[in-house]
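**Q** Sequence and predicted model, in that order:
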Amino acid sequence: MGRSPCCEKAHTNKGAWTKEEDQRLISYIKAHGEGCWRSLPKAAGLLRCGKSCRLRWINYLRPDLKRGNFTEEEDELIIKLHGLLGNKWSLIAGRLPGRTDNEIKNYWNTHIKRKLISRGLDPQTHRPLIGAIPCNTMNTITTSSDDLHGNAAGTINFNQEAQDEVLNLDLSISLPYHSQTVPSLTVEAKTTTNITSSSTPPSNYYCSSTSGNQAICVCCHLGFERSEASCSCNEGIGNHHPSLLRYLRPMGDEQEVE
DNA sequence: AATGAGCACAACCGCCTTTGT
DNA sequence: GACAAAGGCGGTTGTGCTCAT
């Protein structure tokens, strides 16, 4: 039983693509457009799985791809977006024109992880590595099954002083979209909730404009579609109570935390 | 020059989500 | 609403390259 394979494995090529295969794929898509990946290989005369064709096109053959090294600005943007979104590579890639999710994922694993570690930061949580936190700053280490992310991993509570030091992530972001209409934001970690020590992203952020108290939805500010970041705000910034804190919550969480 | 370790990245795998019937 | 097919995503692996020994 089990799921049927996405294609007939016995008659498909695997491994690196040849120039001829690339050319076939490019010409087919130029002539017919993207779509219907399952039937594409046969129609294009390729002995490849449809998924493989899609991946090859999206990651390497698309004409709008930007090749070459990542810039320092892209590095920092990736780090900040990862802090907000976690391993949502496709969402992150959506904010970096010409870059693909696979490329960013690889770059993260090979370069940025190390960069963050060298800064003394945990690449998953973006918080100081646990070894760097003095033991006496810890209040408790508890296990909770109903923390914000609903994971069963242990959650760590820091006292307020430690939190102030540890959680100022300063995730200010300069953005490709809407940047001229909204003042620059400082996205700070909420300091009153449990902090997960798991690999889930630090999603418990609230927004505050650096110039005032106005709460702004991070999702909307970032230009995400509501479905992308599970934003449930009512779009209008003014709809948020000025003293209420609106969080970007992880996908799948049903409750808005305020 | 040989070779082993580490790195970078292309590609695959399996699961989840979305869409159509 | 149930089901199947297709698309999409993130984690992982395989392979080629570079560099140190």
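**A** Sure thing, it's come through.

**Q** can you list the residues of chain A near DNA strand C?
**A** Within reach of DNA strand C by C-beta under 7 Å from any atom of the strand, chain A has these residues: A:4, A:6, A:15, A:35-39, A:50-51, A:54-55, A:87-91, A:101-102, A:105-106, A:109. Every residue, glycine included, has its C-beta placed from N, CA and C.

**Q** out of these, which touch DNA strand B?
**A** Filtering the residues of chain A next to DNA strand C for proximity to DNA strand B (criterion: C-beta under 7 Å from any atom of the strand) leaves A:6, A:15, A:51, A:55, A:102, A:105-106, A:109.

**Q** which of those lies closest to DNA strand B?
**A** Distances from DNA strand B to those, taken as C-beta to the nearest atom of the strand, are shortest for A:N106 (4.3 Å).

**Q** Which strands and helices lie in contact with the helix or strand harbouring that closest one?
**A** Secondary structure assignment for A:N106, by DSSP states H and E: helix A:101-107. Applying 3 or more C-beta pairs under 8 Å, 6 or more residues apart in numbering; DSSP states H and E, one finds that helix A:101-107 contacts helix A:89-94.

**Q** Any chance you could list what contacts the helix it packs on?
**A** Applying C-beta atoms under 8 Å, 6 or more residues apart in numbering, the contact partners of helix A:89-94 are A:78, A:81-82, A:85, A:99-105, A:108, A:224, A:228-229.

**Q** quick one: which of these is nearest A:K30?
**A** Of all the contacts of helix A:89-94, A:K30 sits closest to A:T100, with 19.3 Å by C-beta to C-beta.

**Q** Report pLDDT for the closest one.
**A** The score at A:T100 is 90. That number is its pLDDT.

**Q** Let me see the contact set for the residue nearest to it when sequence neighbours are not counted.
**A** Counting by C-beta to C-beta, 6 or more residues apart in numbering, A:N59 is the residue found nearest to A:T100 once chain neighbours are left out, at 4.8 Å. If you count contacts by C-beta under 8 Å, 6+ apart, A:N59 has them with A:65, A:100, A:102-103.

**Q** is it possible to export these to CSV including neighbour count and distance to A:L116?
**A** CSV is the format used below for these (neighbours: other C-beta atoms under 10 Å; distance: C-beta to C-beta, whole Å):
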residue, neighbour count, distance to A:L116
A:L65, 15, 26
A:T100, 19, 21
A:N102, 15, 20
A:E103, 19, 18
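
**Q** Can you name the two of the residues you listed that sit furthest apart?
**A** Between any two of the contacts of A:N59, the greatest separation by C-beta to C-beta is 11.0 Å, found for A:L65 and A:N102.

**Q** if we can go back for a sec, enumerate the positions of the following helix or strand past the helix holding A:N106 that are buried.
**A** Next along the chain after helix A:101-107, taking DSSP H and E as the criterion, comes helix A:113-118. For helix A:113-118, a neighbour-count test (16 or more other C-beta atoms under 10 Å) marks A:L116 as buried.
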